[in-house]
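Asker: Have a look at this prediction, sequence included:
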Amino acid sequence: MPRKKVIAMFPGGRVYKDSEGRNPTTGEVVRVREAVALPLGTVVSEVAVFATVTFDEHDHVDSITLKSPYPRPEGATDQLLLVAANKVMAALGAEPLTALPKKPATWKHKSTQIELTCDDDGFSFELSPVS
């Protein structure tokens, strides 16, 4: 999907322009690609899901990230995070989880590669086109 269409579909989205900086540890120059943060809202009581879209050099969607808030909100138990993650799983057409995975889980759905990672603060789904 073209960049202009994504931005038009989500008028409340916030565009973060390309930026360049230095890794504080290594001193290497790091380029952060333009991204659009999309308003999705709360999916389960204290747990919202945030979406960010990045684009390739041809201004087409390169990846979509869906993640829980960082740091984890007060009252967002593992069970609430699991319920929120399962709502995202259902929207992606995937089977529900019985627990948040300790290791990254990767699968394909149609022409999309999906990776789910979890840590102490929450979850993150990374969606990208299958090459």
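Answerer: Sure thing, it's come through.
Asker: which residues are in contact with stretch 8-27?
Answerer: Contact with stretch 8-27 is made by 6-7, 28-39, as judged by C-beta atoms under 8 Å, 6 or more residues apart in numbering. All C-beta spots, glycine's among them, are computed from the backbone N, C-alpha and C.
Asker: Let's see that with 6 Å instead.
Answerer: Residues outside stretch 8-27 that contact it (C-beta atoms under 6 Å, 6 or more residues apart in numbering) are Val30, Arg31, Val32, Glu34, Ala35, Val36, Ala37, Leu38, Pro39.
Asker: among these, which two are most distant?
Answerer: Largest separation among those by C-beta to C-beta: Val30 and Pro39, giving 26.9 Å.
Asker: need the strands for this structure, in chain order.
Answerer: Ranges of strands in the chain, per DSSP state E, are 14-16, 19-22, 29-32, 35-38, 42-44, 47-48, 50-55, 61-67, 105-109, 112-119, 122-129.
Asker: now those as TSV including mean neighbour count, distance to Val88 and mean pLDDT?
Answerer: Below are the strands of the chain laid out as TSV (neighbours: other C-beta atoms under 10 Å; distance: least, C-beta to C-beta, whole Å; pLDDT from 0 to 100):
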stretch	mean neighbour count	distance to Val88	mean pLDDT
strand 14-16	12	21	87
strand 19-22	10	28	90
strand 29-32	10	24	89
strand 35-38	18	14	86
strand 42-44	16	7	68
strand 47-48	20	10	82
strand 50-55	18	10	89
strand 61-67	18	6	90
strand 105-109	12	12	92
strand 112-119	17	9	94
strand 122-129	18	6	93
